[in-house]
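Peer 1: Next comes the sequence, and after it the predicted model I'd like to discuss.
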Amino acid sequence: MRADQYLDIDAAVSEALARNQPVVALESTIISHGMPHPQNVDTALAVEDAVRNSGAVPATIAIIDGRLKVGLSAEDIEQLGRKGQQVIKTSRRDLPFVVARRETGATTVATTMIIAALAGIRVFATGGIGGVHRGAAETMDVSADLEELARTNVAVVCAGVKSVLDIGKTLEYLETKGVPVIGYRTDELPAFYARSSGHPVDYRVDTAEDIAIAMKTKWALGLHGGIVIGNPVPDEAALDSAEIDAVIDAAIVEMADQGISGKETTPFLLARIAEKTKGRSLATNIALVLNNARIAANVAAAYSALQ
Ligand code: PSU
Ligand code: MN
């Protein structure tokens, strides 16, 4: 019995992989739980186009009726976007149940990494990774994304750790797990809605080629696990960090008042922040995901060229 018995790789993706052409994995929780409809669907399709226009093949990943799908149809994306939070947010612990029950699940960063690695995809673009939540000393809320980064060989391009998280503790956790954190053309880890967080990255790298060389070297050394590539949101789309921090702080207080915890945390906060900024946070979120898709395509192309 092998894991790939559960896997369905789209024809364009499998052809590209067979020819060693660049492929970029994309997650689906950002579609179902990260943004409202219809912007979620429009963004998912625009992100796929951004990957294509940058010379790589997009592979949006989800679980449809229990099958691990690598490369979705426009109809699959529309369904995930329309059903929204009714779709199961599927992290590592959920994966066997969603598959065994033949259900439909949106994949988090952790699960997208697992499925991308099964398919042989090494580069993945998203918005923000999960991490150590503020107050984690009390709640123990640490995303399974971090454990996945510790063990699965996929490089993840993101706009840093969401500012709803505790950025410093997330970096400490990644250090403990041996996960390199790269700043793409920046010395600081980006703070999702803002370009800088005040937290230095381990390594600044200025070209896709140098990122690809670091990936190849890490895995050639037998050092399993992912790499985080922090790519700042474009300047014109960035929000003021003091302003957004105040909005986030207020949303976290509301969340505590309403007793929201666990996997509902991130979707609740993202929706509240979008409301409170009158959609500006959503526009920023869309801009940074598109930007990450383009950089990921360049990294995937550089990595293919090294093979
Ligand atoms: N960050 C966003 N939007 C999202 C997520 C993160 O800006 O939708 C999602 C990703 O799928 C990430 C997940 O993997 O939230 C982390 O959830 P948790 O903290 O429950 O592991
Ligand atoms: Mn959590």
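Peer 2: That came through, no problem. Remember, predicted model here, so these are calculated numbers, not experimental data. Numbers count the residues shown, from 1 in each chain. Ligands and ions are numbered 1, 2, ... in the order given.
Peer 1: And the helices in this protein?
Peer 2: All helices of the chain, identified by DSSP state H, fall at 11-18, 29-32, 39-53, 74-83, 95-100, 109-119, 136-139, 144-151, 167-176, 208-220, 241-257, 265-276, 280-306.
Peer 1: what's the offset of the third one from the middle of its chain?
Peer 2: It refers to helix 39-53. What separates the centre of helix 39-53 from the centre of its chain is 14 Å, taken as CA atoms, centre = their mean, to the nearest Å.
Peer 1: just stretch 159-171 next, same as before
Peer 2: 13 Å.
Peer 1: about what we covered before: identify, out of the helices of the chain, the most deeply packed stretch.
Peer 2: For those, the largest average neighbour count (mean count of other CB atoms under 10 Å) is found in helix 29-32, namely a mean of 29. In short, each C-beta sits where N, CA and C put it, glycine included.
Peer 1: can it be found next to ligand 1?
Peer 2: Yes: judged by CB under 6 Å from any ligand atom, helix 29-32 and ligand 1 are in contact via Thr29, Ile30.
Peer 1: Determine the set of other helices and strands touching the strand ranked longest in the chain.
Peer 2: The strand spanning the most residues in the chain, taking DSSP state E as the definition, is strand 57-64. Contact partners of strand 57-64 among helices and strands, from 3 or more CB pairs under 8 Å, 6 or more residues apart in numbering; DSSP states H and E: helix 11-18, strand 23-26, helix 39-53, strand 67-70, helix 74-83, helix 95-100, strand 105-107, helix 109-119.
Peer 1: now the angle from it to helix 109-119?
Peer 2: Angle of strand 57-64 versus helix 109-119, following axes from the mean of the first three to the mean of the last three CA atoms, to 10 degrees, is 110 degrees.
Peer 1: ok, strand 57-64: who's next to it in the sheet?
Peer 2: In the sheet, strand 57-64 lines up against strand 23-26 (parallel), strand 67-70 (antiparallel), strand 105-107 (antiparallel) (DSSP bridges).
Peer 1: then the first one to CSV, C-alphas only?
Peer 2: Written as CSV, here are the backbone C-alpha positions of strand 23-26 (Å, rounded to 0.1, in the frame of the first residue of the first chain):
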residue,chain,number,x,y,z
VAL,A,23,5.7,23.7,-10.7
VAL,A,24,4.4,25.8,-7.7
ALA,A,25,2.1,24.3,-5.1
LEU,A,26,-0.7,26.5,-3.8
